[in-house]
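K.L.:
This is the structure alone, sequence omitted:
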Ligand SMILES: [Zn+2]
């Protein structure tokens, strides 16, 4: 699901007649996925307010005294003031309960940019669908994921964390779920083959047989030089895999393995394992590479930075989950006059992140209005700066606010001025933080200090 403008979704063809488990599974998954996307409201939304999921992933409930015809015809656009001025609060109060009104007022709408409604996948921060989040979501809907019986969650947690080749992990996962193509498994699924073990011809070839009771397996488990008696040796999984490899050659190539051949495969596997271990560990979860050292994470707009800025502006938002009201504040240090002035206001924000982003936007609008052109903005919020730097992975909840900040940044570029928004330590935004908290607690509408 793409965020921008992807209002139509490609759907699977309807099921006809008899179909496979795979096809049925896909359709079931599609149904679950399609009924879970949500809307992000654009600047002139034609969505029907009583029909679509646009308020925190839900369809808002209208007040009991609102006529059904009004419920059926009210568009989201009709709840907004003209010229990007925000929500039409009196109109919202006519139609919805006060808690819903608060929630709607927390939804961001574009200030400067024109954006259309877009579909969001609600289980990722960016709103973009990922296989991981889809799997996570489906695995929590029990009937759809019968394969996900928690056989032994701890075991799998350890398995996925082991530093062994991914193919070994997957093999073990398959083995635990009886997903190996043994003769007994294939035969029970309707393939016209014998289910007998081709190595010994003594028993059905089940996973249990090839890995435990077949004579070849018994010899391999007992064989000392493979080192499988040591709990410290990671080669256990490796041997399981090799036995299967040998077995596959028997079944599919018609070659019966002897012990010497399997031992040679074991040695090959050990070599592969050491080659794998010699590779450096990928640092996917490490500190992101473009952050640089602390203090060097920033988003820059406009002309290249030269000399001293006209002003340093600390911005901060103060938010608590128990109240929808947030305080936002900015403290401006003018360089030439050594003056300091402070500004702030109380807003409705659904999250701390939203409050931080709004504080930054309002400070920039204020600075523009006061003729400040070369400015350095300090924020404590790393997500805000990262979002400004990488539009593709920005948090969807502040997408419009970030777009508005970029619009101001674009103007700085056209005027050959510059704005730099830097992630700094909490200490450097302390005054703005104290002011924002003061404003939130006092519920102060708009103040200059
Ligand atoms: Zn056997």
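P.N.:
All right, it came through fine. Just so you know, these numbers come straight off a predicted model, no measurement behind them.
K.L.:
mind checking which helix or strand residue 385 is in?
P.N.:
helix 382-389 (DSSP states H and E).
K.L.:
Would you mind listing what in this structure touches the ion?
P.N.:
Within the chain, the positions near the ion by CB under 5 Å from the ion are 197, 199, 200, 214. (Glycine included, C-beta is placed from N, CA and C.)
K.L.:
To what extent is residue 68 buried, counted in neighbours?
P.N.:
9 (other CB atoms under 10 Å).
K.L.:
What separation is there between residue 318 and residue 435?
P.N.:
From residue 318 over to residue 435 the distance is 9 Å, taken as CB to CB, to the nearest Å.
K.L.:
Kindly point out which residues are neighbours of both of those two.
P.N.:
Counting by CB atoms under 8 Å, 6 or more residues apart in numbering, the shared contacts of residue 318 and residue 435 are 327, 329.
K.L.:
Okay, now the unreliable bits of the stretch 1-150 of the chain?
P.N.:
For the stretch 1-150 of the chain, the stretches flagged by pLDDT under 70 are 1-10, 141-150.
K.L.:
how about the strands in it?
P.N.:
Applying DSSP state E, counting those that start in this stretch to the stretch 1-150 of the chain gives strands spanning 38-40, 118-120.
K.L.:
Could you provide those strands in a markdown table, with additional columns for mean neighbour count and distance to residue 30?
P.N.:
Listed next are the strands of the stretch 1-150 of the chain as a markdown table, based on neighbours: other CB atoms under 10 Å; distance: least, CB to CB, whole Å:
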| stretch | mean neighbour count | distance to residue 30 |
| --- | --- | --- |
| strand 38-40 | 19 | 17 |
| strand 118-120 | 21 | 15 |
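K.L.:
out of those, which comes closest to residue 431?
P.N.:
The closest of the strands of the stretch 1-150 of the chain to residue 431 is strand 38-40. By CB to CB, the value is 33.8 Å.
K.L.:
Got the domain ranges for the chain?
P.N.:
21-142, 153-278, 289-448 (automatic domain parsing).
K.L.:
Lowest average pLDDT across the ones you listed?
P.N.:
Here the lowest mean pLDDT among the domains of the chain goes to domain 153-278, at a mean of 73.
K.L.:
list the helices and strands the helix holding residue 385 packs on?
P.N.:
When contacts are defined as 3 or more CB pairs under 8 Å, 6 or more residues apart in numbering; DSSP states H and E, helix 382-389 sits against strand 298-302, helix 352-369, helix 399-414, strand 418-423.
K.L.:
Name all residues that make contact with the residue nearest to the spatial centre of the chain.
P.N.:
Central residue of the chain (CA atoms, centre = their mean): residue 124, 3.2 Å from the mean position. Residues near residue 124 by CB under 8 Å, 6+ apart: 130, 133.
K.L.:
Please apply the same query to residue 44.
P.N.:
Residue 44 touches 77, 80, 114, 116, counting by CB under 8 Å, 6+ apart.
K.L.:
top of those residues by neighbour count?
P.N.:
Greatest neighbour count in the contacts of residue 44, by other CB under 10 Å, goes to residue 80: 20 neighbours.
K.L.:
And that one, how close does it get to residue 320?
P.N.:
Using CB to CB, we find residue 80 at a distance of 27 Å from residue 320.
K.L.:
so which pair among the contacts of residue 44 is furthest apart in space?
P.N.:
Longest span within the contacts of residue 44, CB to CB: 80 and 116, 13.9 Å.
K.L.:
Which of the contacts of residue 44 sits closest to residue 27?
P.N.:
residue 116 (29.4 Å).
K.L.:
count of neighbours near the closest residue to that closest one other than its chain neighbours?
P.N.:
Leaving aside its chain neighbours, residue 116 sits nearest to residue 42 (4.3 Å; criterion: CB to CB, 6 or more residues apart in numbering). A total of 21 residues lie near residue 42 under the criterion other CB under 10 Å.
K.L.:
do residue 162 as well
P.N.:
Residue 162 is flanked by 12 other residues according to other CB under 10 Å.
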